[in-house]
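Peer 1: quick one, fold the following:
(one chain, ligands or ions: 1)
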Amino acid sequence: MAQNRLYVQSLDKRFAKHGVVHPYDNGEIGTSRRGRPPFWFRYPCRVGFRYPRAVLPLRAVFRGQRVVLRAPRVSDAPRIVEIRSRSRAFLEPWVPVPAPDEFDIDLARARILRDRRDIRADRHYRFCMTVGEEGPVIGRVALTQVFRGIFQNAYLGYWVDVEHHGQGFTTEGVKLALDVAFREIGLHRVQAAIMPQNAASLAVARKCGLRQEGCAARYIQIAGAWQDHLLFAVTAEDWQAAAR
Ligand SMILES: CC(C)(COP(=O)(O)OP(=O)(O)OC[C@H]1O[C@@H](n2cnc3c(N)ncnc32)[C@H](O)[C@@H]1OP(=O)(O)O)[C@@H](O)C(=O)NCCC(=O)NCCS
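Peer 2: Residues are numbered from 1 along each chain as shown. Presented below is the predicted three-dimensional model:
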């Protein structure tokens, strides 16, 4: 097994030289049961260059007019816990039942480390939204469950501090995140699911160019109950056309 890990790492280096990482390398696969890398892993050019995986540096910072998106830092933990705690009642009707790490600084630090690993592994991009580059965190915008191969899709999620809502920050942050999704990490599609009663979130989605595609009954468990959701999506083609 140790040998195979080395093989995976050396391939990683080869891909890194070209600015891409093998699309199927999630750090676990890449070895067959016989202990030898399977065919598609030994000849990565066949698939690797068709579906490149993103390698977004953790220090990357994306600047909008007022809002900045960046990877979370361990030093953000107290601030995230603070805004999450004071926004608890505001967020409760619209987000999944919160995990304990949202209200405990030590757990939040561990969670941030996981978030950073997820970014490096091209799994989930849970950005912090700040006002100005060195400003305080005011919310999160996330592209999660990145699916590569023939789907190239991620799910969009966002929330903002109760003291900062209604000022256009999330709209700006989501537009930045979509730009990152299509231009930086090479996704083809971003989708979101929003409860029909969530007027603020529906407004954000529509302002950011997401189009309603349908409705899913009892889709996600929010505030402890299975809730119907409207399904929204935007593709790279829509995004390019809107930018022109
Ligand atoms: C949804 C949320 C992120 C929006 O954040 P925000 O920073 O207030 O968003 P913005 O200020 O960019 O835009 C909000 C828009 O919603 C509109 N809006 C807000 N409340 C509204 C309401 N009750 N009815 C209709 N429109 C409403 C605002 O007028 C604004 O549109 P405008 O700029 O055209 O006037 C925030 O309300 C939030 O965190 N909600 C709880 C978590 C959540 O719902 N997450 C999304 C789950 S799908």
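
Peer 1: next SSE after the helix or strand of the chain with the lowest mean pLDDT?
Peer 2: Counting by mean pLDDT, DSSP states H and E, the weakest-scoring helix or strand in the chain turns out to be helix 45-48, with a mean of 40. On the C-terminal side of helix 45-48, the closest following helix or strand by DSSP states H and E is strand 61-63.

Peer 1: partners of the helix or strand just after that following strand in the sheet?
Peer 2: Towards the C-terminus, the helix or strand next in line after strand 61-63, according to DSSP H and E, is strand 67-70. Strand 67-70 pairs in its sheet with strand 61-63 (antiparallel), strand 125-131 (antiparallel), by DSSP bridges.

Peer 1: care to break this protein down by domain?
Peer 2: According to automatic domain parsing, the chain comprises the domains 2-48, 61-243.

Peer 1: packed most tightly, which of those would that be?
Peer 2: Across the domains of the chain, averaging neighbours per residue (mean count of other Cβ atoms under 10 Å) puts domain 61-243 on top, at a mean of 17. Any C-beta I mention is one placed from the backbone N, CA and C, and that applies to glycine too.

Peer 1: for it, what does the pLDDT average out to?
Peer 2: In this model, domain 61-243 has a mean pLDDT of 97.

Peer 1: helices of this protein, start to end?
Peer 2: Along the chain, the stretches classed as helices by DSSP state H are 2-17, 39-42, 45-48, 77-86, 88-91, 105-120, 169-179, 199-207, 236-243.

Peer 1: nearest to residue 55, out of the domains of the chain?
Peer 2: Taking Cβ to Cβ, domain 2-48 is the member of those nearest to residue 55, at 5.5 Å.

Peer 1: residue 178 versus residue 184, what's the distance?
Peer 2: For residue 184, the distance to residue 178 (Cβ to Cβ, to the nearest Å) stands at 11 Å.

Peer 1: tell me how far stretch 65-78 is from the chain's mean position?
Peer 2: Distance of stretch 65-78 from the chain centroid (Cα atoms, centre = their mean, to the nearest Å) equals 14 Å.

Peer 1: got the CA coordinates for it in CSV?
Peer 2: Provided in CSV are the C-alpha atoms of stretch 65-78 (Å, rounded to 0.1, in the frame of the first residue of the first chain):
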residue,chain,number,x,y,z
GLN,A,65,-16.6,45.8,-4.8
ARG,A,66,-17.1,45.5,-1.0
VAL,A,67,-17.0,41.8,-0.3
VAL,A,68,-14.1,39.4,-0.3
LEU,A,69,-14.3,35.6,-0.4
ARG,A,70,-11.4,33.5,0.9
ALA,A,71,-10.7,30.1,2.6
PRO,A,72,-11.5,30.1,6.3
ARG,A,73,-8.6,30.5,8.7
VAL,A,74,-8.3,28.9,12.1
SER,A,75,-8.1,32.5,13.5
ASP,A,76,-11.7,33.0,12.2
ALA,A,77,-13.1,30.5,14.7
PRO,A,78,-14.1,33.0,17.4
